[in-house]
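*Asks:* Take this sequence and fold it.
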Amino acid sequence: MMTKMTFKSALGITLFSSMLTISGAVNAAGPDPRSLGTFKDWNAYTWVEGGQKVCYMLSRPTKSLPTNVRRGDIYMMVTYRPKSRSKEEVSHITGYTYKNKSVVDVTIDKRKFKLATDNDVAWVPEGESDAKLIKAMRGGSRMIVKGTSSRGTLTTDTYSLQGFTAAHKQIRKSCS
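*Replies:* Next up is the predicted model:
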């Protein structure tokens, strides 16, 4: 059975990760992403993928624990593809490989969510609603993401949700 993650792993996440490198290298599959603005702790971008406009927003954690472990890029992202069957997708890139068949716990204020994992990405499981998580993010002030690495290390990433709603409105406006 093909899941959202298969598509994300094969195309979206790989390309977004390439664009987010410290050097700012150009993605070979298309033009540079264009900034739609910075909204407090969230940044919004657009680009063209396969002739279709795609918008996304992302933020990096304000705090990551434990501090004594080496990790790659860490960020939370919402991708908006208005022409896709699943228009909005939330994903967390963790900077390490998750423990096989593990889940990630997300807490937004007092609301709790579970994300599925594959390699270094966590996402809303197939059959569940990204919209519920996005709604909580829009109404929340802080988000905590807890996951376990393939080595058994529990990590906790804390995100500010300040600016989330404005960035979300911008990506929907720009890609509609």
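
*Asks:* For this structure, give me the ranges with low pLDDT.
*Replies:* Applying pLDDT under 70 to the chain flags the ranges 1-31.

*Asks:* which helices and strands does the longest helix along the chain pack with?
*Replies:* If each helix of the chain is counted by residues according to DSSP state H, the longest one is helix 164-175. Judged by 3 or more CB pairs under 8 Å, 6 or more residues apart in numbering; DSSP states H and E, helix 164-175 is in contact with strand 34-39, strand 42-49, strand 52-59, strand 75-80, helix 130-139. C-betas here are computed from N, CA, C, even on glycine.

*Asks:* most tightly surrounded among the ones you listed?
*Replies:* strand 75-80 (a mean of 23; mean count of other CB atoms under 10 Å).

*Asks:* That one pairs with which strands, parallel or anti?
*Replies:* strand 52-59 (antiparallel), strand 88-93 (antiparallel) (DSSP bridges).

*Asks:* who touches stretch 168-176?
*Replies:* Contacts with stretch 168-176, where a contact means CB atoms under 8 Å, 6 or more residues apart in numbering, come from 36-37, 39, 44, 46, 53-57, 78, 80-82, 134, 137-138.
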